[in-house]
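Enquirer: Show me the folded form of this:
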Amino acid sequence: MKYAFWNNKGGTGKTSLAFQSIVRYAEKHPKKRVLAVDMCPQANLSELMLGGLSNKGSEKLLERQGLTPRCSVGGYFQLRLPSPYTPPVFDAHDFITKPNKYNRALPANIDLVCGDPLLELQANAVNTLANNQIPGTNPWIAVVDWLKNFLDQLGPEYDTVFLDCNPSFSLYTQIALASCTRIVLPVMADDSSRRAIQNAFSLVYGLKLPSEIYAAYAFATKLKDAKRPLPKVHLIVKNRLTQYMGAASAYAAVLDAIERDVAALLKTNPEIFDFKKIDAGFVEVRDFQTTGVVAFAKGLPFSKLPVGKQSINGHRVQVKEDYLNNAKTAMEQLVAKL
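Expert: The predicted structure follows:
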């Protein structure tokens with residue numbers, strides 16, 4: 001199974017959720033081989049897995065990117081630029097990092113393809129290559145298959161693959177989404193999240209486009225024309241809820257509206273979802289607050305985060321036991337649905 005954590009809207013806590021979900025999933029399934037692919041140019045997931053800000057995760061990431069070949073998704077894409085339509089000879093293992101060697105808090109059954117800011121620099125070239133007109137070749141599909149080519153070479157080596165995607169619908173995000181089978185979509189309790197989730201369904205599935213003009217160029221159309229399956233929405237995460245959010249709160253009204261939107265689509269377009277009942281497709285995650293900040297800074301899963309006062313970049317902060325337990329419970333509920 002291949003899961004992509006994605007929302008084209010930023011600020012939904014996608015990377016924090018992805019990190020905690022991937023690590024907890026690996027902890028609960030120690031016999032499974034797990035691969036995390038960081039498809040975001042900011043590479044925050046990679047920095048977290050390599051130790052976080054406090055444990056020099058950024059320096060360790062730069063070390064991996066400084067290898068030859070560059071040990072990152074950007075390094076692999078750099079290899080593909082001269083050979084965009086036919087996979088060259090390569091070894092996917094050259095681009096894989098063992099994060100447990102850098103961050104002992106992570107289970108040894110997780111491997112990582114590091115993110116890379118090179119993705120932004122490569123974007124124009126990748127777009128140009130995908131939009132070339134070549135008789136007898138579908139350049140867009142050939143380019144969109146880059147990550148699929150990479151994962152296909154690894155074959156059954158990994159039981160589960162997780163992708164952390166950029167909050168965009170750029171071509172490298174489309175490459176990620178085309179290679180996955182399931183989408184985990186985080187949303188927040190604001191009107192912009194409701195608009196964003198509606199936009200996400202338009203971008204991926206071509207639903208409610210403003211004009212038929214766009215249909216021929218839509219991601220869904222191109223994949224369907226190539227007889228390729230679309231990923232399905234597996235889970236919608238109501239993320240960063242306030243600690244004391246109740247059923248009567250203003251936040252709940254927005255989230256209820258999002259749930260109603262999805263329920264309507266579940267009736268009209270059930271094929272785009274991986275669940276049949278609305279309750280199976282949603283999970284709630286309260287705001288991690290200081291607990292999340294400390295875990296993020298130290299690159300620690302909640303299972304390894306100590307309770308009490310701690311130092312983060314010279315500042316004393318406190319992780320409260322009840323807040324940490326709330327965070328653990330939320331992640332247990334989310335991971336149980338993967």
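
Enquirer: Strands of the stretch 1-150 of the chain, start to end?
Expert: Along the stretch 1-150 of the chain, the stretches classed as strands by DSSP state E, counting those that start in this stretch are 2-5, 34-39, 110-113.

Enquirer: how about a markdown table for those strands, with mean pLDDT added?
Expert: Listed next are these as a markdown table, based on pLDDT from 0 to 100:
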| stretch | mean pLDDT |
| --- | --- |
| strand 2-5 | 98 |
| strand 34-39 | 98 |
| strand 110-113 | 98 |
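
Enquirer: of those, which approaches residue 222 most closely?
Expert: strand 2-5 (17.4 Å; Cβ to Cβ). (Glycine included, C-beta is placed from N, CA and C.)

Enquirer: From the contact counts, what lies against the closest one?
Expert: Secondary structure elements in contact with strand 2-5, counted by 3 or more Cβ pairs under 8 Å, 6 or more residues apart in numbering; DSSP states H and E, are helix 14-28, strand 160-165, helix 171-179, strand 182-187.

Enquirer: Format the CA atom coordinates belonging to that strand as PDB.
Expert: Extracted in PDB, the C-alpha atoms of strand 2-5 (Å, rounded to 0.1, in the frame of the first residue of the first chain):
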ATOM      1  CA  LYS A   2       1.200   3.500  -0.800                       C
ATOM      2  CA  TYR A   3      -0.200   6.400   1.200                       C
ATOM      3  CA  ALA A   4       0.300  10.100   0.300                       C
ATOM      4  CA  PHE A   5      -0.200  12.800   2.900                       C
END
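
Enquirer: Just after the longest strand anywhere in the chain, pick out the following helix or strand.
Expert: The longest strand of the chain (DSSP state E) is strand 232-241. Moving toward the C-terminus from strand 232-241, the next helix or strand (DSSP states H and E) is helix 250-268.

Enquirer: May I see the helices and strands packed on strand 2-5 arranged in JSON lines, with mean neighbour count, distance to residue 233 and mean pLDDT as well?
Expert: Formatted as JSON lines, the helices and strands packed on strand 2-5 follow (neighbours: other Cβ atoms under 10 Å; distance: least, Cβ to Cβ, whole Å; pLDDT from 0 to 100):
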{"stretch": "helix 14-28", "mean neighbour count": "24", "distance to residue 233": "14", "mean pLDDT": "96"}
{"stretch": "strand 160-165", "mean neighbour count": "26", "distance to residue 233": "14", "mean pLDDT": "98"}
{"stretch": "helix 171-179", "mean neighbour count": "24", "distance to residue 233": "11", "mean pLDDT": "97"}
{"stretch": "strand 182-187", "mean neighbour count": "25", "distance to residue 233": "5", "mean pLDDT": "94"}
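
Enquirer: Residue 305: which of those is closest?
Expert: helix 14-28 (10.1 Å).

Enquirer: What are the contacting residues of the closest one?
Expert: 5-7, 32, 34, 36, 40, 44-45, 48-49, 106-107, 109-110, 160, 162, 164-165, 167, 184, 186, 237, 239, 285, 288, 292, 295-296, 301-303, 327, 331-332, 334-335, 338 (Cβ atoms under 8 Å, 6 or more residues apart in numbering).

Enquirer: Buried subset of the residues you listed as a ChimeraX selection?
Expert: Buried residues within the contacts of helix 14-28, by 16 or more other Cβ atoms under 10 Å, are selected in ChimeraX with:
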select :5,6,7,34,36,40,44,45,48,49,106,107,109,110,160,162,164,165,167,184,186,237,239,285,288,292,295,296,301,302,327,331,334,335,338
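
Enquirer: May I have the phi/psi pair for residue 309?
Expert: With angles defined as degrees, to the nearest 10, residue 309 sits at phi -80, psi 140.

Enquirer: Check the gap between the residue of the chain positioned farthest from its centre and residue 226 for me.
Expert: Distance from the C-alpha centroid of the chain, by Cα atoms, centre = their mean, peaks at residue 135 (34.5 Å). Relative to residue 226, residue 135 is positioned 16 Å away (Cβ to Cβ, to the nearest Å).

Enquirer: Check residue 149 too.
Expert: Where residue 226 is concerned, residue 149 sits at a distance of 15 Å (Cβ to Cβ).

Enquirer: between these two, which one's more packed in?
Expert: residue 149 (17 against 14; other Cβ atoms under 10 Å).

Enquirer: Touching, the more buried one and residue 86? I think so.
Expert: No - Residue 149 is beyond contact range of residue 86, at 9.5 Å (criterion: Cβ atoms under 8 Å).
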